[in-house]
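Student: what follows is a predicted protein model with its sequence.
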Amino acid sequence: MFKKILIANRGEIALRVIRTCKEMGIKTVAVYSTADKDSLPVRFADEAVCIGPPSSTLSYLNIPNIIAAAEITNADAIHPGYGFLSENAKFSRICTEHGIKFIGASAESIELMGDKATAKATMKAAKVPCVPGSDGLLANLTEAKKVAKEIKYPIMLKATAGGGGKGMRVVWKEEELEGAWNSARNEAKNAFGNDGMYMEKFIEEPRHIEIQIASDQHGKHCHMSERDCSIQRRHQKLVEETPSPFMTPKLRKAMGAAAIKAAKAAKYEGVGTVEFLVDKNRDFYFMEMNTRIQVEHTITEEVIDFDLIREQIKIAAGDKISGKNYEPKLHSIQCRINAEDPYNDFRPSPGKIGEYHEPGGHGIRIDTHVYAGYTISPYYDSMVGKLITTAQTREEAITKMQRALSEYIVEGVKTTIPFHQQLLKDENFRKGNFTTKFLETFDFKS
Ligand code: MV4
């Protein structure tokens, strides 16, 4: 097992990793920017190294400084958390070259899954269900027209370097194709320096359901049930839950098996997530594979009673997994509490937290790095904390969430708490009747 892990991240996930390391008897090194010198990860880690000024590019994305911090502290592994360098193939490779274990995917898996057209071709070859569309990249507009005619409109153009909705266009009829083709390619070129495009049939009103998997270094894989992440706004998840209210035992079995096929095809090692689109007929299609621990891993931990960070560290150290799959035993919901103004287009609301009180009691978990007097910096994401409730049934988990939200006091910054309170009262949400389009029409009142 590792003796010392450096956490190349900040905020709640850095704290989350430190907590598990402490329980495993592993020493920890926090790295921090000058903006985070008073943070809890810095306080609770065994050692802390400043890696630069507030700007992420100069600190949490600064590979030479992070590697230097690992070398001077003698860390034998690096945990990248989510975001920042967690899906950076170059960083994974540099860690390996320095004899430091990267607690995440290999550079090869990251590269393979990072290029969406290649990822999809790999999945199709492995017989993972994929949305009908072009075979790999489209050579030109003429080919795009031809493929669209074959699969029929509406179609979606997608940037191969994309993700998060950038370089993506829905096209309803041929007259609109040329304009969409040009603007999507431009956007992709500017955002990623890569304008490769592929095409898919547009799935109308899908659900976003993802499967948590784990794969060890010895060829064993398992799935750990699903998370429904359909409640998103501009590709930002706001609420996640497991089980999905749309799930059936038959669908879970099929999606779990497909996720394991995907992990095998990617020669995956570590914990990861296979994202699917699920249509109204419960047909499902591979969307993307995330080669990192995700923000919403928490709800999976609650329903299968399992520490996913511990699993991640054990797998990285070479431990074997049993290969048995996990079934959700409870229902868990996570509300992301962000320092954003839900009444003002969710505009970030950084600043100093005044009074602060967390809800508590049975079935409530809060993963946060904030405290009374803490300043939420404008340099990083505006998460205040993740509020998670777990109960026997969905109804009880929702009721518990409403009770918890009513006790959560965060003064000094605007938060998404009032948004969650209204959402949880919505009849369709309560019935589990929602798709990824839900928030487009959700009538949030000030
Ligand atoms: C789609 C789709 C419909 N049909 N692909 C959005 C982000 C990117 N990873 C893929 N996305 C989508 N791909 C086909 N063929 C709809 C979306 C989509 C979406 C997916 C999941 C969660 C929220 C979404 C919001 C808008 C569009």
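Tutor: Right, received. Where do you want to start? Numbering: from 1, shown residues only.

Student: quick one: low-confidence parts of this protein?
Tutor: Applying pLDDT under 70 to the chain flags no residue at all.

Student: spatially nearest residue to the most centrally placed residue in the chain, not counting backbone neighbours?
Tutor: With distances taken as CA atoms, centre = their mean, the chain has Gln294 as the residue nearest its mean C-alpha position (3.8 Å). Spatial nearest neighbour of Gln294, excluding adjacent residues (CB to CB, 6 or more residues apart in numbering): Thr273 at 5.6 Å. (C-beta placed from N, C-alpha, C; glycine too.)

Student: ditto for Val274
Tutor: Distances taken as CB to CB, 6+ apart place Ala259 nearest to Val274, at 4.0 Å, with adjacent residues excluded.

Student: neighbours around that neighbour, how many?
Tutor: By the criterion of other CB atoms under 10 Å, Ala259 has 28 neighbours.

Student: and it, what element?
Tutor: For Ala259, the element it lies in under DSSP states H and E is helix 249-265.

Student: elements contacting that helix?
Tutor: helix 116-125, strand 207-215, strand 221-233, strand 270-278, strand 284-290 (3 or more CB pairs under 8 Å, 6 or more residues apart in numbering; DSSP states H and E).

Student: what residues go with each domain of the protein?
Tutor: The record assigns the chain these domain ranges, following automatic domain parsing: 4-103, 132-201, 207-441.

Student: and the closest residue to Lys352 other than its chain neighbours, how close does it get to the ligand?
Tutor: Take Lys352 and drop its neighbours on the chain: the residue closest to it by CB to CB, 6+ apart is Thr375, 4.6 Å away. Distance of Thr375 to the ligand, computed by CB to the nearest ligand atom, to the nearest Å: 32 Å.

Student: ok, now which ones touch Thr375?
Tutor: Residues near Thr375 by CB atoms under 8 Å, 6 or more residues apart in numbering: Pro350, Gly351, Lys352, Ile353.

Student: of those residues - the most surrounded one?
Tutor: Ile353 (20 neighbours).

Student: does that residue touch Thr368 like I think?
Tutor: No: applying CB atoms under 8 Å as the test, Ile353 and Thr368 come out as separate, 10.5 Å apart.

Student: run a quick neighbour tally on Thr393.
Tutor: Neighbours around Thr393, by other CB under 10 Å: 10.

Student: surely it is in contact with Ser332?
Tutor: No: contact criterion CB under 8 Å: Thr393 and Ser332 do not qualify, at 11.2 Å.

Student: and which of the contacts of Thr375 is nearest to the ligand?
Tutor: Set against the ligand, the nearest of the contacts of Thr375 by CB to the nearest ligand atom is Pro350 (25.9 Å).

Student: and Thr248, backbone torsions?
Tutor: phi -130, psi 160 (degrees, to the nearest 10).

Student: contacting residues for Gly360?
Tutor: Contact analysis of Gly360 by CB under 8 Å, 6+ apart lists Glu407.

Student: need the three-state assignment for it.
Tutor: Taken by DSSP: H, G, I helix; E, B strand; the rest coil, the conformation at Gly360 corresponds to coil.

Student: pull the strand or helix carrying Ala404 out as CSV, backbone CA atoms only.
Tutor: If you go by DSSP H and E, Ala404 is part of helix 394-407. The C-alpha coordinates for helix 394-407 follow below in CSV (Å, rounded to 0.1, in the frame of the first residue of the first chain):
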residue,chain,number,x,y,z
ARG,A,394,-37.3,7.9,-2.7
GLU,A,395,-40.2,9.7,-1.0
GLU,A,396,-38.4,9.5,2.4
ALA,A,397,-35.1,10.7,0.9
ILE,A,398,-37.0,13.7,-0.7
THR,A,399,-38.8,14.5,2.6
LYS,A,400,-35.5,14.3,4.5
MET,A,401,-33.9,16.6,1.8
GLN,A,402,-36.6,19.2,2.4
ARG,A,403,-36.1,19.0,6.1
ALA,A,404,-32.3,19.3,5.7
LEU,A,405,-32.5,22.2,3.2
SER,A,406,-34.7,24.1,5.7
GLU,A,407,-32.0,23.8,8.4
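
Student: next secondary structure after it?
Tutor: Once helix 394-407 ends, the next helix or strand along the chain (criterion: DSSP H and E) is strand 409-410.

Student: what's that next one in contact with?
Tutor: Contacts to strand 409-410, defined as CB under 8 Å, 6+ apart, come from residues Ile337, Ala339, Ile353, Glu355, Tyr356, His357, Val370, Val384, Ile417.

Student: run the last query once more with 7 Å
Tutor: By CB atoms under 7 Å, 6 or more residues apart in numbering, the residues outside strand 409-410 that reach it are Ile353, Glu355, Tyr356, His357, Val384.

Student: before we move on, what about stretch 378-388?
Tutor: For stretch 378-388, contacts defined as CB under 7 Å, 6+ apart pick out 10-12, 35, 54-56, 295, 298-299, 302, 332, 334-340, 348-350, 365-368, 370, 376, 404, 408, 410, 415.

Student: quick check on the residues you listed: which are buried?
Tutor: Neighbour counting with 16 or more other CB atoms under 10 Å marks 10-12, 35, 56, 295, 298-299, 302, 332, 334-340, 349, 365-368, 370, 376, 404, 408, 410, 415 as buried within these.

Student: please consider this matter closed, and thank you.
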